[in-house]
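Engineer: sequence and computational prediction follow.
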Amino acid sequence: MNKISIISLFSLLLLSLLLTLSAVAQDRSDRPNILFISIDDLNDWIGAMNTHPQVQTPNMDRLAERGTLFTNAHVQAPLCNPSRVSVMTGLRPTTTGIYNLAPLHHELESTKNVVTIPEYFEEFGYSTYAVGKVFHNASSNKATFQHEGTETRFFGPVPDDKIVDIPLDMVDHPLIDWGVYPVEGDSLIKDYRFASWAVDRLDEIGSEEQDHPFFMAVGFWLPHVPLYTTQQWFDLYPDEKDIVLPSAPELERDDVPDFAWKIHWHLPEPRLSWLLEHNQWHAKVRAYLATISFIDSQVGRVLDALEENGLSDDTIVVLWSDHGYHLGEKGITGKNSLWERSTRVPLIFAGPGVTAGARSSQPAELLDLYPTLIDLTGLPENENLEGLSLMPQLKYADAYRERPAITTHNPGNHSVRSHRWRYIRYADGSEELYDHFRDPHEWSNLAGNSDYSGVIEDHAKWLPKEEAPHAAGSRHRLLEEIDGEWYWEGERIEFENLIR
């Protein structure tokens, strides 16, 4: 090959390289942005899901109208930290060993180097932002995102004295309170300031030509306890006597295995029996509804800023909650259960590549967010993820999905939720089975009926085959039965007090 041929070949190779780099740069700038909105302790009480007749959530509803709402979406763990770790890493609690409020994923040797969603998108040219409760702890935000809001994740100023002044003899926790926040306006509430930070960043992004797409995570605290918000949001709802309460008949507990209370019971929330005794059930439900509407208004502020800055058409919006919340169902308030009220959450996708005005009743897991966002943005597959992309359902809401949604609450305790059924198996082998076509409230446990052995067998095959033990530093607590007596961390307790 002569010198001219070599130079010509080199020139062609250089031109090809420059064209490739140009195409990569063009692909990077043309990729859609991502607005990633998480809400703490929000169950399925949003207007678009038709689950509470009085709830007012116009902003989440309009987001659902311009996207796809998953009406059968469930969490991987019914508790904040393990649920959020699973979402952000794309791994199940049974893989990471993170089942409890500790440890954080970046504190654990086995997970500290796992590439989280924002880190993966940063690798492909995204600018990443976070404010509020995205991970369970703000330190995880700082360790993960390029730009992080300085506001802490905690609620904000609290009253000098609790609003509910009846002694909470069942619990003694500073967060367990509800009522009208004693200030004028919303600006002191941290969630308002989280939304303001996001609005300011979107204003900045919209005012300048961007070379990189953005991934912005906005995490809201409410309706996590304390259930405080200002008077205007309480005013959306009728007086307490006219609040519609959840259906919670005593009979729904009759066929629940004792072990269910073992995994749930130590949660700093009063039982329904306490709310009834002290005439607080209506008040707590009203406060929960009011805080939902307040958070909906903050979601609306962020969505408005996205639109006002001309970013809506180029941004994928995903909204989700880290777990559900009982308001008296099964005789409890709070989370930490494997029943529908604790595992089912709103999940909405909207934006480029998403069918508008669609509702999918196929089972979905929050574990699926990571691979779905990769598909929607055209990034290379991350082969380390355990979720499934929801792209088939985002194109055609009724597209069949075989795999059910699996929720885990400590090793050995799992729920399998398919299109029709919920199957629960506890660590002691006890079981529950509910037919959601005929029994949406999960009032009748069919597990003891041999007619449904085939259904149980079909669902049991999805139970995890291997389970990591509690990770170091989990600080998990044990309720043990020894010779027919119940002990909480070595102290004997009365079982009736445990479930009352």
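Structural biologist: Looks like it arrived, so ask away. Note that the coordinates shown come from a computational prediction; the quantities given were computed from them, not determined experimentally.
Engineer: what about the closest residue to Cys80 other than its chain neighbours, which SS state?
Structural biologist: Leaving aside its chain neighbours, Cys80 sits nearest to His136 (5.0 Å; criterion: C-beta to C-beta, 6 or more residues apart in numbering). Using the backbone N, CA and C atoms, a C-beta is placed for each residue, glycine as well. Assigned by DSSP: H, G, I helix; E, B strand; the rest coil, the conformation of His136 is coil.
Engineer: and His136, what does it touch?
Structural biologist: Going by C-beta atoms under 8 Å, 6 or more residues apart in numbering, His136 touches 80-81, 84-85, 101, 104.
Engineer: most neighbours of all the residues you listed, which one?
Structural biologist: When the contacts of His136 are compared by neighbour count (other C-beta atoms under 10 Å), Val85 ends up highest, at 30 neighbours.
Engineer: which residues does the residue most central in space within the chain contact?
Structural biologist: In the chain, the centroid-proximal residue (C-alpha atoms, centre = their mean) is Asp322; its distance is 1.8 Å. Taking C-beta under 8 Å, 6+ apart as the criterion, Asp322 is in contact with 38-41, 75, 80, 83-84, 87, 345, 366.
Engineer: as a markdown table, those with secondary structure and pLDDT would be great.
Structural biologist: What follows is the contacts of Asp322, written out as a markdown table (DSSP: H, G, I helix; E, B strand; the rest coil; pLDDT from 0 to 100):
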| residue | secondary structure | pLDDT |
| --- | --- | --- |
| Ser38 | strand | 98 |
| Ile39 | strand | 98 |
| Asp40 | coil | 96 |
| Asp41 | coil | 97 |
| Val75 | coil | 98 |
| Cys80 | helix | 93 |
| Ser83 | helix | 96 |
| Arg84 | helix | 96 |
| Val87 | helix | 97 |
| Val345 | coil | 98 |
| Leu366 | helix | 98 |
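Engineer: just the buried members of those?
Structural biologist: If you count burial by 16 or more other C-beta atoms under 10 Å, the buried members of the contacts of Asp322 come out as 38-41, 75, 80, 83-84, 87, 345, 366.
Engineer: now, which of those sits nearest Val299?
Structural biologist: Ile39 (7.8 Å; C-beta to C-beta).
Engineer: which residues does the closest one bridge with?
Structural biologist: Note on Ile39: beta-bridge partners by DSSP bridges are Phe220, Ser321.
Engineer: do you know how far it is from Thr230?
Structural biologist: According to C-beta to C-beta, to the nearest Å, Ile39 stands 18 Å off from Thr230.
Engineer: need the contacts of Asp322 in CSV (columns: distance to Thr116).
Structural biologist: Below are those laid out as CSV (distance: C-beta to C-beta, whole Å):
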residue, distance to Thr116
Ser38, 13
Ile39, 19
Asp40, 18
Asp41, 22
Val75, 17
Cys80, 16
Ser83, 14
Arg84, 10
Val87, 9
Val345, 20
Leu366, 14
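Engineer: count of residues packed around the residue lying closest to Pro159 once chain neighbours are set aside?
Structural biologist: In this structure, Pro159 finds its nearest non-sequential neighbour in Pro182, 5.6 Å apart by C-beta to C-beta, 6+ apart. Around Pro182 there are 13 other residues, counting by other C-beta under 10 Å.
Engineer: residue ranges with poor pLDDT in the protein?
Structural biologist: 1-29, 138-139, 150-156, 170, 263-267, 475-482, 484-500 (pLDDT under 70).
Engineer: try it again with 50
Structural biologist: 2-26 (pLDDT under 50).
Engineer: quick check: buried residues in whatever helix or strand Ala195 lives in?
Structural biologist: Counting by DSSP states H and E, the element that carries Ala195 is helix 190-207. Counting neighbours by 16+ other C-beta under 10 Å, one finds that the buried residues in helix 190-207 are 190-199, 201-202, 205.
Engineer: I'd like those written out as JSON lines, with distance to Thr116 added.
Structural biologist: Output for these, formatted as JSON lines (distance: C-beta to C-beta, whole Å):
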{"residue": "Lys190", "distance to Thr116": "23"}
{"residue": "Asp191", "distance to Thr116": "23"}
{"residue": "Tyr192", "distance to Thr116": "27"}
{"residue": "Arg193", "distance to Thr116": "24"}
{"residue": "Phe194", "distance to Thr116": "20"}
{"residue": "Ala195", "distance to Thr116": "23"}
{"residue": "Ser196", "distance to Thr116": "25"}
{"residue": "Trp197", "distance to Thr116": "20"}
{"residue": "Ala198", "distance to Thr116": "19"}
{"residue": "Val199", "distance to Thr116": "25"}
{"residue": "Arg201", "distance to Thr116": "20"}
{"residue": "Leu202", "distance to Thr116": "22"}
{"residue": "Ile205", "distance to Thr116": "22"}
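Engineer: can you name the two of those that sit furthest apart?
Structural biologist: Lys190 and Ile205, at 22.6 Å, using C-beta to C-beta across these.
Engineer: tell me the spacing between the nearest residue to Ser360 once chain neighbours are set aside and Gly351.
Structural biologist: Among residues not flanking Ser360 along the chain, Ala397 sits closest, at 4.0 Å (C-beta to C-beta, 6+ apart). Counting by C-beta to C-beta, the separation of Ala397 from Gly351 is 16 Å.
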